[in-house]
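Enquirer: show me how the following folds:
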Amino acid sequence: MTQSLIQNMKPFIQEAWKKSAFQQPTTVQAEAIQPALEGKDIIAESPTGTGKTLAYLLPVLEKIDPDKQAVQAVILASSQELVMQILGEIQKWGEGSGIKAASFIGGANVKRQLEKLKKHPHIALGTPGRVLELIKQKKLKMHEVKTVVLDEGDQLLVPEHAQTVQNIVKSTLKDRQVLLFSATLPPVIEQLAKELTGDAEVIRVEKDDTIQAAAVDHIYFVAEARDKIKMLEKIFRLEGIKALVFVKDIGNLKVMAEKLDFKNIASGTLHSDLSKFDRQKAIKNFRTGKTNMLIATDVAARGLDIKGVTHVVHFDLPKDINQYVHRSGRTGRFGASGTVISLVTEREERELKKIAKELGLTAEKKTMRGGQIV
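Expert: Below you'll find the model as predicted:
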């Protein structure tokens, strides 16, 4: 059944699918693509790394009429990185289709963005604030928009963005389709999503059996708060490591980066105070292996998909289960192996055990000896 899903789509999609060498659609794709093609509204929850982007992108690309010079779909995402990543996917999967897409993100040059709109993109993707601004200025015309996608929906419907997102959805005509995808869907978010959609199909994927269970180890080290940075240095020196390190606030992150720099440890940083150029450079250096450690805040790293992350490090303990899941999902993607390391004080150790128990995981306590984890 699932293969025929793709076989019934336009030739350029079938071509891209062949090139991608995917065996079969993932669970969320198999469950969402058909109803999306039929024009149904969708609210979908599926873990990180299970192929949510294509679950909405393929139906969106399928339904666009390249001959019509108008924006027909709007994709909203919470961070610049995620917007750029989705743009990359559209370019890859829309190859040879004549479909044009353009990105609109806060902090970027407005004049350049207006130039992009003059070229009549079929898909507009961006961060909510900037997209609404362009709609209000009547530069981004919404009357031909058939589909609005909310990627990482739980981030888009937080109190500070919810109103903006609602206004964007309301700026389209009544018969629009709304597709919301998220790795976690807390009840309040689900309620807001239901208010934005009409009779939506709710899809929940607990775990994806089409992807071999990732061999992810969950381990932790106990250290005094001030000694966590020393632990991080030791982790940095592990062989063949490519680590994404999570810190809860920007202040702490900047201090850490300076300390590591002092020890000649080449790490990159990712947070919302950086310029667009610096953020892209940090991600590129990490992707290409120029640096093998990227220290990030949660918001900046949302939706980041970097191949081959071997370790995710919780430098600061996640504030709740959802955060643990989101962060940890950056390693062991699509069945690869990985290690999740938490650095905890004695007090935080109890919290971590609680999180692990609720997730049904075993987090093993380890120590470092002679540069090895034992």
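
Enquirer: could you use CA atoms for every contact and neighbour count after this?
Expert: OK.

Enquirer: can you give me the helices in the stretch 101-250 of the chain?
Expert: Counting by DSSP state H, counting those that start in this stretch, one finds helices in the stretch 101-250 of the chain at the ranges 110-118, 128-136, 153-156, 159-170, 187-196, 228-236, 250-262.

Enquirer: out of those, nearest to residue 54?
Expert: Taking CA to CA as the criterion, residue 54 comes closest to helix 153-156 out of these, the separation being 15.3 Å.

Enquirer: got the contact list for the closest one?
Expert: Applying CA atoms under 8 Å, 6 or more residues apart in numbering, the external contacts of helix 153-156 come out as 76-78, 128, 150, 162, 165, 180-182, 184-186, 189.

Enquirer: correct me if wrong, but residue 19 is in a strand.
Expert: No - inclusion of residue 19 in a strand is not indicated when DSSP: H, G, I helix; E, B strand; the rest coil is applied; the result is helix.

Enquirer: pLDDT-wise, which helix or strand of this protein ranks last?
Expert: The least trusted helix or strand in the chain, going by mean pLDDT, DSSP states H and E, turns out to be helix 2-7, with a mean of 74.

Enquirer: and residue 256, how many neighbours does it have?
Expert: Neighbours of residue 256 under the rule other CA atoms under 10 Å: 17.

Enquirer: can you list the low-confidence ranges for the stretch 1-150 of the chain?
Expert: Judged against pLDDT under 70, the low-scoring parts of the stretch 1-150 of the chain cover residues 1-3.

Enquirer: now swap in the stretch 151-300 of the chain and tell me
Expert: Counting by pLDDT under 70, the stretch 151-300 of the chain contains low-confidence residues at 208-214.

Enquirer: what strand or helix carries the closest residue to residue 93 other than its chain neighbours?
Expert: Counting by CA to CA, 6 or more residues apart in numbering, residue 93 lies nearest to residue 16, which is 5.7 Å off, once chain neighbours are set aside. Assignment of secondary structure by DSSP states H and E places residue 16 within helix 11-20.

Enquirer: contacts for that helix?
Expert: 6-7, 58, 62, 92-97.

Enquirer: okay, residue 167 and residue 38: tell me how far apart.
Expert: Here the criterion is CA to CA, to the nearest Å. By it, residue 167 lies 25 Å from residue 38.

Enquirer: same question for residue 316.
Expert: Shown here: residue 316 relative to residue 38, a distance of 44 Å by CA to CA.

Enquirer: looking at those two, which is more packed in?
Expert: Under the criterion of other CA under 10 Å, the comparison of residue 316 against residue 38 puts residue 316 first, with 19 against 11.

Enquirer: with adjacent residues omitted, what lies nearest to the more buried one?
Expert: Taking CA to CA, 6+ apart, and ignoring the residues beside it in sequence, residue 316 has residue 247 as its nearest neighbour in space, at 5.3 Å.

Enquirer: OK, contacts around that neighbour?
Expert: By CA under 8 Å, 6+ apart, the contact set of residue 247 is 253, 295-298, 314-316.

Enquirer: same check, this time on residue 253
Expert: Counting by CA under 8 Å, 6+ apart, residue 253 makes contact with 247, 269, 295-297.

Enquirer: of all the residues you listed, which two lie farthest apart?
Expert: Put simply, by CA to CA the two of the contacts of residue 253 set farthest apart are 247 and 269, 10.3 Å from each other.

Enquirer: could you tell me which residues touch both of these two?
Expert: Common contact partners of residue 247 and residue 269 (CA under 8 Å, 6+ apart): 253, 295-296.

Enquirer: and those residues, which is closest to residue 138?
Expert: Using CA to CA, residue 296 is the member of the shared contacts of residue 247 and residue 269 that lies nearest residue 138, at 35.8 Å.
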